[in-house]
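Undergrad: When you get a sec, could you give me coordinates for this:
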Amino acid sequence: MEQLHYARLGVGEGAWELFAEDGEMRMYRREEEVNGMVIDPLKAVHTVKGVTGHEMCHYFFAPEYRHEWETTLEQMTVLETISEDTLVFLQVFKRVWPASQRDALFWSHMRRVPDDKDPDAHDIWIVCNHSTEHPDFPV
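TA: Got it, this is the predicted structure:
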């Protein structure tokens, strides 16, 4: 719910800063500090004509399509299926010189979100990713 709250904030309301733009897609970030460490949450806003929000989220969430759109991905493993709409992923990204290779361990959850302001609105969907820990893959 916390991530949904920040996702719904407009630009300027939650210190979101535009850092990338490509056609209909806009990427925003905001700086935040958690336990003394600076993190940069991201927010993507994109309009895709001819598909529903559910279809867009499905292709972003579903492991069988991840290699098609995530071009920096070298390896992707589903470590755990918590439920049909919640998975734990381990992703290893291609090395980009001069940085070292990186990985990400996170849970990913997809769900329909009600629109409290407009109950007659089209379906709104969200995919929420959050870093996590796993005993088989220490930091």
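
Undergrad: Show me where this structure has its helices.
TA: Along the chain, the stretches classed as helices by DSSP state H are 2-8, 53-61, 66-69.

Undergrad: Point out where this structure drops to low pLDDT.
TA: 10-14, 121 (pLDDT under 70).

Undergrad: Tell me which stretches of it form strands.
TA: Secondary structure of the chain (DSSP state E): strands located at 17-22, 25-29, 32-34, 37-39, 42-45, 73-83, 86-93, 103-113, 124-131.

Undergrad: Out of the ones you listed, which is closest to Tyr59?
TA: Closest of those to Tyr59 is strand 124-131, at 9.7 Å (criterion: CB to CB). (Glycine included, C-beta is placed from N, CA and C.)

Undergrad: Can you list the strands that that closest one pairs with?
TA: Counting by DSSP bridges, the strands paired with strand 124-131 are strand 103-113 (antiparallel).

Undergrad: then the partner strand to CSV, C-alphas only?
TA: What follows is strand 103-113, C-alpha atoms only, in CSV (Å, rounded to 0.1, in the frame of the first residue of the first chain):
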residue,chain,number,x,y,z
ASP,A,103,22.0,-8.9,-9.4
ALA,A,104,18.6,-8.3,-7.8
LEU,A,105,16.7,-10.4,-5.4
PHE,A,106,13.1,-9.2,-5.0
TRP,A,107,9.5,-10.2,-4.7
SER,A,108,7.1,-9.1,-7.4
HIS,A,109,3.4,-8.8,-7.0
MET,A,110,0.7,-8.0,-9.5
ARG,A,111,-2.9,-6.9,-8.6
ARG,A,112,-5.9,-5.0,-9.6
VAL,A,113,-6.2,-1.7,-7.8
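
Undergrad: Next, the buried residues of that strand.
TA: Leu105, Trp107, Ser108, His109, Met110 (16 or more other CB atoms under 10 Å).

Undergrad: before we move on, the earlier item: okay, the strands of the chain in CSV with distance to Glu64 next?
TA: Listed next are those as CSV, based on distance: least, CB to CB, whole Å:
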stretch, distance to Glu64
strand 17-22, 25
strand 25-29, 23
strand 32-34, 32
strand 37-39, 29
strand 42-45, 21
strand 73-83, 10
strand 86-93, 12
strand 103-113, 13
strand 124-131, 15
